[in-house]
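Participant: No letters, just coordinates:
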């Protein structure tokens, strides 16, 4: 059953990472940092801390605020350095096995690893490691990195990590905790974000700046694509051990994944979203009385649309935030209620009005259909749906959970057909160039696109070695049980 | 420890009630209705259903979506009639004892009762009942009503309920479930809301219309103050068994408690809040670049302020909704982070700007102080705080949990002093007449005020018999254990 | 599902009680005392303690050692006086409601009550109390006593208790905790046991002396039938407020219920059981090679039989004590394994031998049949079954859970038929006079029997007012929830 | 905290194993078999089943009857083959990591392993495997075997297992589950038992015959030392792949570990124990009135002593079997009660008598001291303690948890001193030759002892490579979390 706070019809970011070095309350800071990154993964969280002698680990399913709210838990995660991870994960009995960070005690020293993204050659690497006697304990691609580190012939664990990462492909913003340092690395394309901050004498690495803000930490800079940053007792060291490539930051981070109050690769997310709304108002104006966002993700673009168009902004749909892990399996008689668990239209605002409805994206289209219908039932005279991203027509292989192509509404239908299916009086998406303009570019550079926009264009910036492979029947090794 | 989703510095509504009669899935509808009323009480919920032969009860601490998400639980709550309750309650081991509805199996038949509000003579009644041999099982004033019904000499259970309610004073919007009917009653002043709706052949009673909307039920009407509505197999019957009084609906329902998409006593809550913002813009204008709401409750008034003043509306503060039941007991080094668990200022929007910050009310002032400081740290040049209610200077005795007078900031300080303490460049509250105007009146009728506004004016519409009494050492009778 | 440690085919004692006054660790002593009485009830336990100001209660399903093993739980049960209860109880969701002690906070002071036995006019009393407005929270007959105390017009709570108990009939060894004293009362027939002990300055009341031994307390005396003992700050006071009757102690306590190391009404249980075995050896000798007990309850009688007959005693059946609360619902293919979960025959001892098998009683006969068959499969040449009680032909209404008459094997069949059905080469029961002789009497006094032996003779020493009544559909009042 | 049903002062067997092949309800049979072996390990249990396609695992702390009593759990453990394990294990948060069977999915196929015993060169092997990149997930020596199998160059998994086991030293009765077979192996000395049984077309392997009896399975034979038995679709195959050694079965299995109804290496355990009692009566007679066992383990030897001496056998100490996982941390005032939680002396039997007390062994002597004192307090005139094993003076390295030498009472004191310390009027142990005679030998063969009796003699039959080594600070790899 899908946790009710996960929007069934949104792409899902698979992870957020956090690391801190040099603070006596490292684990407590990791809890706060992960709480700020909760939107990047709500199903499980983990923290590994190091106190100079011992690594200690704690993992829990559910929200950070639920799994790490016990002061005794925190008190046991002693030490001045810690890394953490939040994830959206597949469900099932053995889920805890896949919760990061993973930790290994090597002869060369201990290492804990957490990453955001997805390796596109993990299955290939896994097979060759298994043939050499490696026993896998999870289905995560992160474990591949751990075994690569364990099998490396390099002496220093930092060099082993470089050697391991040099063999992987895909997207991986990664943090690692070793005996004497915290390490952050961003893949050579810089698909996923990773920022560096400072809190007094301590240093922080996080997927987004909002995890710095919650701590009152100062933003230092984004890591560069392909950069490895090592924070140890001597301060911050930067290495660039991988062959450089052109930057391809994920543009969907700006559209939907990142928190609006984050600033990524130098740009404020809220402002970009507002500007997408402004672009939309220019590209696809609508004669209407109100601009209404689909809350919460549609709000900034709706404000932008309203300001650019002069049509008043109204909170015509109210969101109920009191949702639990799962919700009742409705009986037949109430199954049609669907979306109302989370949203309700405000009849008093909408009745008799022509409405511009602003949402961030359309995946399967199921939610949009319900929302448009709900707004009409509340008395809206016209409903013009405006989407703050181009049509999503390709799956993502870089750490985002999108449906296969055959279930993406935009992969099967023209925009006109989509509008009809959804029941809107008009439907428009921002253009790919409009999106790039909102993100501060002159437009999309067709030869060397400035972003990874594969979900909109199919232009994947890496090989996809595993994509056709089939994982088959392979079972996990259960050397240790995670019941 | 305070659940983190309860704003520490807001007044807390103590309850929401729901009832349905004539639907084969009565309990499932109650779950949905209570979910929609969750903002009225987040600590516990209960449902009693009746299937023509047996009453069945289920109570759980926490959110409705957590305690009632098991299909087996619902399957056991069989029957065509059900009532339910959500509550904000005191914590502690025996809390479940106080979760409503309460049920009693009398010789005259079974009766389950749930109410929203607070009786102001409950202690007095309790003492006299105990002297007659009654054994109390909870500390709720609702149990007083149950014992009064049990001791009534009337024959029909409906008449016993009337006889019981005739002895109580205070605020009580109540729903009851008896063998052959569902009953709703509103106290003679109509302090708390209660609405009637229809869903096909079934009828629904609920604290707010948003609980009708989630079911797709049609709004029929608000109950009148002092009205008793009985829904049985023959339809809806109305009785007016109590001495009539002038209506004194709680104006704070409009300001903060009710959901913005509800319509109470004929008026849309969102619209009233927007109009309060408009009144504020007129009464207390500010030269500023942005209007920023304290989310989520300040949003409608901020939109109203922005539209009336022409200053752009911006979402300059982002709210983190991923909060759990409780959160970590922060260590000293991170205690100062406080409010950032829930809110973060968006530096990109605020930096260098003059900001009008709009919030709904000030109780202790602690949150306001932190928010203003956070906005300044994010670079705002000026912060003008505007409050969408008059100063809160008196405690409520009608079902709202407010601090004692000595902790109400406005009871101790002038508005000017409050502004200084909070750190705002300017501070203004809407006037009591401005509030009444926003609520559709010409202004406050000093002789016969149209609303209960005791928290602002000290003008309590009933005697307060229990207020000075002391509950003393009395212990609960533990005939049954709620472990 | 029946807890696996309850023998499916044994009568079940419904309760054990314990009380202590004058010891700073009263609750800890109650835990130990109840642990020693665990054989009298394994499904739930409860303790109420009083510290001079407040009564505190803790109830838990399962074994005492599981529900009261948390030092924090004990630490909260402060005070110098405590009473406790273990019970075998009906299962179901609301079971905790019926766990004793029950506590009521009356105007006259608090009172907690726990009892062992069964009232034979509880339903009658319950109906008349309900008609007077009493709201019942449980189905226990103990609650009837609590309401009778609440409705008494006497002033002192001790007098109220006497007034209440004067109205009840049946068997009730009861302990009560009031503000200034611990009280023990035994019904006028003395059907159930209750003993008084001393531990330094403290006094202890318990169902059996084994609960004194575990504390190192000194045995003072059995309470007399109809005696009320009050232990307060001034010491021990004895009252005899009820009309005296002839003593009718339950003889089955000696046969099966009591622990063999207890001494009740002046007689050692183990010795009586051994003497029953000796009587059996005389009344029903058997030519055999071994005497083998059905463990554990058949052991003392088997030792007696062996010593009287000169046939060697052997542990030919081994009992597995590692049983949990419930055990697997066996699939069809393993359902026939049945009794072997608890018992296994030792082939090496039994093969080729003629065996005298000694058990304490036969109720339905199902276990006996399986055991005899198991002993034969292990190679025994002959199996002679000897039962250390007369045939059980009547149900008990005084606190023992026996099947209705139609399921008692001995009510339907002659001893000879029983032997054939069970598959024994011979079957014999001790005679009623043999039993009385073993218990130290010359034989049974037919006119004024020295014991309650109604299960063997049908001679019930009280009226059975409720026995024919039907409880009907009445539901419990749910003023407090026991989820 | 020590689970209360573990005798604090007894050596503890670390494991029992079970396997079944060829039965549609394999897992259900494993549950029953493990239940019968529960005395060999009470802290955790695990089962792995194979249905021809997939291996499924379930592990739980606590008793088998608690962790595997859910029919849904069993229903998921599908398949015709299963192995299981019970263990006494160290406590702690990550305990579940060490619960067997362990499972690995190798390129050569899946393999699950469970073993009883202890490897004496596990640390050495572990270090060399880690140096080759192996990541360890548990602290069990079993995992060493799994990695050895994974690193083997042999093709067939059976050959890999042989290659792996050829490298280990110590005691290991092991069962394994692979794709097409169930395998049982006994180490070349045959230190731990392993028996083969048949149930219709299915075959069973178990540590003791009592696990066959519970299923109604027929005993086929003990495995020979060094024998590997493979049960697959074609039946039972025997291999002897290891260099043969002289048999050295653990004599303590007869003294204490095994269940009295088991038959091991052709000899009935109950009979051997009785004969030890007879030897004791001859070697160390005592003028006394009663022979009283320390229950339950002392019962057979006490019966033997009584029969050989003609002194009557009496159950003078009663054992309370209603013990939970842990018991209360007693306060100071009740700490001295100690042993009475489990045992109570029956004053009626003991008062004024001269008592021979029979127990199986003395480790620290703490329990013996308390029991002797308790018997005296119950009035015994003389207490003569007889021990059914020789003095325990050396620790065990073959899978039994004994204290280090410095805590073994017999390692520090003469028998005479021990008697004084314990407070007995006389103390005697059976001689080593008496023990061997009871076990069916003419006496101990000093050159080639017929049993492993290292705990009595210090004569260890293998090298003890790890014994001096120190595990150091090495941490576990946490690729998967067992929270």
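Facilitator: Everything's here; your move. This structure is a prediction, so every number in the text was calculated from the model and none was measured.
Participant: Count the neighbours of residue A:280 for me.
Facilitator: Counted with other CB atoms under 10 Å in any protein chain shown, residues neighbouring residue A:280 total 30. (Glycine included, C-beta is placed from N, CA and C.)
Participant: again with residue A:319
Facilitator: 16.
Participant: gap between it and chain B?
Facilitator: Shown here: residue A:319 relative to chain B, a distance of 8 Å by CB to the nearest CB, to the nearest Å.
Participant: If we ignore the residues flanking it in sequence, what's nearest that residue?
Facilitator: Spatial nearest neighbour of residue A:319, chain neighbours left out: residue A:295 (4.3 Å); criterion: CB to CB, 6 or more residues apart in numbering or on different chains.
Participant: give me every residue that touches the one you found.
Facilitator: Neighbouring residues of residue A:295 by CB atoms under 8 Å, 6 or more residues apart in numbering or on different chains: A:315, A:317-319, A:343.
Participant: Tell me the one among those residues nearest to chain C.
Facilitator: Relative to chain C, the closest of the contacts of residue A:295 is residue A:319; by CB to the nearest CB it sits at 30.8 Å.
Participant: my guess is that closest one meets residue A:340, correct?
Facilitator: No - if you go by CB atoms under 8 Å, residue A:319 and residue A:340 don't touch, sitting 10.9 Å apart.
Participant: before we move on, what SS does the closest residue to residue A:254 other than its chain neighbours have?
Facilitator: Residue nearest to residue A:254 in three dimensions, not counting chain neighbours: residue A:272, with 4.7 Å by CB to CB, 6+ apart. Secondary structure assignment for residue A:272 (DSSP: H, G, I helix; E, B strand; the rest coil): helix.
Participant: Hmm, residue A:344 is touching residue A:318, no?
Facilitator: Yes - applying CB under 8 Å, one finds residue A:344 in contact with residue A:318, separated by 5.1 Å.
Participant: Can you check which residues contact both of those two?
Facilitator: Common neighbours of residue A:344 and residue A:318 (CB under 8 Å, 6+ apart) are B:210, B:259, B:261.
Participant: what does the host helix or strand of residue A:437 contact?
Facilitator: Using DSSP states H and E, residue A:437 sits in helix A:432-438. Contact partners of helix A:432-438, identified using CB under 8 Å, 6+ apart, comprise A:251, A:254-255, A:272-273, A:275-276, A:278-280, A:282-283, A:389-390, A:430, A:442-444, A:450-451, A:453, A:456-457.
Participant: Show me what from the stretch 101-250 of chain A comes close to chain D.
Facilitator: Residues of the stretch 101-250 of chain A found near chain D (CB under 8 Å from any CB of the partner chain) are A:102-107, A:110, A:112, A:130-138, A:143, A:146-147, A:150-151.
Participant: And the pLDDT for residue A:469?
Facilitator: Residue A:469 is assigned a predicted lDDT (pLDDT) of 62.
Participant: and if you look at residue A:466?
Facilitator: pLDDT at residue A:466 comes out at 82.
Participant: From what I see, it and residue A:121 are in contact.
Facilitator: Yes - using CB under 8 Å, residue A:466 is in contact with residue A:121, at 6.0 Å.
Participant: Based on its surroundings, how many neighbours for residue A:70?
Facilitator: 15.
Participant: ok, now the one 4 residues further on?
Facilitator: The local packing count at residue A:74 equals 22, with neighbours defined by other CB under 10 Å.
Participant: roughly how far out does the helix or strand encompassing it sit from the chain middle?
Facilitator: Under the criterion of DSSP H and E, residue A:74 resides in helix A:71-76. Distance, stretch centre to chain centre, for helix A:71-76: 28 Å (CA atoms, centre = their mean, to the nearest Å).
Participant: what packs against it?
Facilitator: helix A:26-36, strand A:55-61 (3 or more CB pairs under 8 Å, 6 or more residues apart in numbering or on different chains; DSSP states H and E).
Participant: So which bits of it are buried?
Facilitator: A:73-74 (16 or more other CB atoms under 10 Å in any protein chain shown).
Participant: pLDDT averaged over it - what is it?
Facilitator: Averaging pLDDT along helix A:71-76 gives 85.
Participant: do the same with stretch A:440-450
Facilitator: Mean predicted lDDT for stretch A:440-450 stands at 96.
Participant: what's next to that stretch, contact-wise?
Facilitator: A:246-249, A:267, A:272, A:432-433, A:436-437, A:439, A:453, A:457, A:459.
Participant: For the contacts of residue A:295, please prepare a markdown table with the additional fields distance to residue A:363 and pLDDT.
Facilitator: A markdown table is the format used below for those (distance: CB to CB, whole Å; pLDDT from 0 to 100):
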| residue | distance to residue A:363 | pLDDT |
| --- | --- | --- |
| A:315 | 24 | 95 |
| A:317 | 19 | 97 |
| A:318 | 23 | 95 |
| A:319 | 19 | 92 |
| A:343 | 17 | 90 |
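Participant: picking up where we left off before, pull out the buried members of the residues of the stretch 101-250 of chain A next to chain D.
Facilitator: Buried members of those, counted by 16+ other CB under 10 Å: A:102-106, A:110, A:112, A:130, A:133-138, A:143, A:146-147, A:150-151.
Participant: Now intersect the residues you listed with the helices, please.
Facilitator: With helices defined by DSSP state H, the entries of those inside them are A:130, A:143, A:146-147, A:150-151.
Participant: Relative to chain C, which of these is nearest.
Facilitator: Distances from chain C to these, taken by CB to the nearest CB, are shortest for residue A:143, at 35.3 Å.
Participant: how near is the closest one to residue A:102?
Facilitator: 6 Å (CB to CB, to the nearest Å).
Participant: likewise residue A:118?
Facilitator: 15 Å.
Participant: Would you map the helices across the stretch 201-350 of chain A?
Facilitator: Per DSSP state H, counting those that start in this stretch, the stretch 201-350 of chain A has helices spanning A:210-213, A:252, A:269-283, A:299-309, A:332-335, A:347-350. These are given in chain order.
Participant: Turn those helices into a markdown table, including distance to residue B:426.
Facilitator: A markdown table is the format used below for the helices of the stretch 201-350 of chain A (distance: least, CB to CB, whole Å):
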| stretch | distance to residue B:426 |
| --- | --- |
| helix A:210-213 | 26 |
| helix A:252 | 41 |
| helix A:269-283 | 26 |
| helix A:299-309 | 25 |
| helix A:332-335 | 50 |
| helix A:347-350 | 30 |
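Participant: returning to what we had before: let's see the pLDDT reported for the residue nearest to residue A:319.
Facilitator: pLDDT at residue A:295 comes out at 92.
Participant: rewinding a little: any chance of CSV for the contacts of stretch A:440-450, columns neighbour count?
Facilitator: Shown next, in CSV, are the contacts of stretch A:440-450 (neighbours: other CB atoms under 10 Å in any protein chain shown):
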residue, neighbour count
A:246, 13
A:247, 19
A:248, 25
A:249, 23
A:267, 16
A:272, 26
A:432, 20
A:433, 15
A:436, 21
A:437, 19
A:439, 20
A:453, 24
A:457, 17
A:459, 15
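Participant: Report the contact partners of residue A:33.
Facilitator: Residue A:33 sits in contact with A:18, A:20, A:84, A:204, A:206, A:211, A:214-215, where contact means CB under 8 Å, 6+ apart.
Participant: Kindly recompute the last result at 10 Å.
Facilitator: A:16-20, A:47, A:64, A:82-84, A:86, A:197, A:204-208, A:210-212, A:214-215, A:217 (CB atoms under 10 Å, 6 or more residues apart in numbering or on different chains).
Participant: Beyond the helix or strand containing residue A:175, next helix or strand please.
Facilitator: Per DSSP H and E, residue A:175 falls inside strand A:170-178. Using DSSP H and E, the helix or strand that follows strand A:170-178 in sequence is strand A:181-185.
Participant: Let me know the distance separating the closest residue to residue A:282 other than its chain neighbours from chain C.
Facilitator: In space, and not counting its chain neighbours, residue A:282 is closest to residue A:308: 6.6 Å by CB to CB, 6+ apart. Note on residue A:308: its distance to chain C, by CB to the nearest CB, is 55 Å.
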